[in-house]
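# Just the structure for this:
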Amino acid sequence: MVSTPGRPPGRIIYAGFATRHHSGGVHVMTQHVRLLRERGHEAWLWLPDENDRTDWIADDVPMLFGATTAVGADDLLVLPETPTVQGRDPAPGARKVIFNQNHFYTFAAGTPGEDFPGWSPAPALWVVSEESRDVLTAVLPGLPVSVVPNPVDGELFAPGAAGQLRVSWFPKKRPREASLLKRLLAAEPRLAGVELVELVQAPRAEVAATLAGSAVFVALGHTESYGLPVAEALASGCLVVGYDGGGGHELFEAPGAWRVPDQRPLLIRDRVADLIQDLDALAPVRAANRRWVLDRYPFARTAAALQEAVAAAWARPGADAVAVHPAAWLDTLGPNFTAYA
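Residues are numbered from 1 along each chain as shown. Model prediction:
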């Protein structure tokens, strides 16, 4: 059965993964589900196995479970950018979108063909930044691309009471460089008495609490499409120093964000130390960082862009299908597809 104009829209099904520790990409999917439900859509998060359900996904996010699920002619299936395998259509005939949250991973599952991804009908693409839009429009000119910007939660991520000076960072994307940086910062006399915090697989609430008490956040992004930790640090009133990871360059337009040339840990150390020494004078800049990021990435902007992207996707063809969860192709990625530095 093929959908026809005028028929009421159906469900919006996001295929995600129940990772053991908090996943920014899956979290964004849950935000989409909530925003769509608030606006009257029947949106769901689809996980491959009920036994894999994780406690960091809130109970109010409605879920579907199973290696396969039925998709109706009026439904919209939203799939992650990885793993997208050339010619392996997860739902032949169904209306599909690839929600590409990292353009660097687009071809992570193997060599693309000229008609990538070789699905029928061809999917639309949703991305989270202008950089991703520009890259994928150039690489895949036959697929329509919509920007659905990430929202920044200004209630959860907010400045805390002044206390011990703190510098924080995530080492995950650059573990080898992070080990050097930790030693460099600890040995720097100008940072004596400053608490140095590495955020490793921390729950979201712990991340928010740590950023709330941090004066400086060190951005160690690598092959990013956006860089949500940087945005959340700005909302927390942190000064930001480090790497934009490519797609995160728009965040370094904030008044209190300093981009450092790639793989230059000594420059990071020196910039962090200079900022800590001048922290009192920089108080207005920290406040301006929060205003800047919340003005640009409110939930209302995400909701409006998402509504437009959904409407455009529903205008594309769709038919009844049985969808296979993309977990079926995870083995195509290999153990080191992220290539962290």
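
# And the residue of the chain most remote from its centre, what's its pLDDT?
In the chain, Pro189 marks the outermost C-alpha relative to the chain mean, sitting 35.8 Å out by C-alpha atoms, centre = their mean. The confidence metric pLDDT takes the value 97 at Pro189.

# Now do it against Asn150, distance only.
In this view, Pro189 and Asn150 are 38 Å apart by C-beta to C-beta, to the nearest Å. C-beta: built from backbone N, CA, C; applies to glycine.

# And Tyr243, by the same measure?
On the measure of C-beta to C-beta, Tyr243 and Asn150 end up 18 Å apart.

# What of Cys238?
17 Å.

# The two: which has the busier surroundings?
Cys238 (29 against 21; other C-beta atoms under 10 Å).

# Identify the residue nearest the more buried one in space, chain neighbours excluded?
Distance criterion C-beta to C-beta, 6 or more residues apart in numbering; nearest residue to Cys238, sequence neighbours excluded, is Phe217 at 4.1 Å.

# That neighbour sits in which helix or strand?
Applying DSSP states H and E as the criterion places Phe217 in strand 216-220.

# and if you look at Ala300?
Applying DSSP H and E, one finds Ala300 within helix 299-314.

# for the helix or strand just after that helix, the distance to its chain's centre please.
Downstream of helix 299-314, the next assigned helix or strand under DSSP H and E is strand 321-324. Mean-position distance between strand 321-324 and its chain equals 26 Å (C-alpha atoms, centre = their mean, to the nearest Å).

# In its sheet, which strands sit next to strand 321-324, and in what direction?
strand 68-71 (antiparallel) (DSSP bridges).

# Sort out which residues of the partner strand are buried, please.
When burial is assessed from 16 or more other C-beta atoms under 10 Å, strand 68-71 yields the following buried residues: 69, 71.

# Stretch 316-324 too?
Neighbour-count burial for stretch 316-324, counted by 16+ other C-beta under 10 Å, picks out 316, 318-321, 323-324.

# Might you calculate how far that stretch sits from the centre of the chain?
With C-alpha atoms, centre = their mean, you get 26 Å for stretch 316-324.

# outside of that stretch, which residues touch it?
Residues outside stretch 316-324 that contact it (C-beta atoms under 8 Å, 6 or more residues apart in numbering): 1-3, 13, 15, 67-77, 90-95, 121, 124.

# I'm done for today, thanks for sticking with me.
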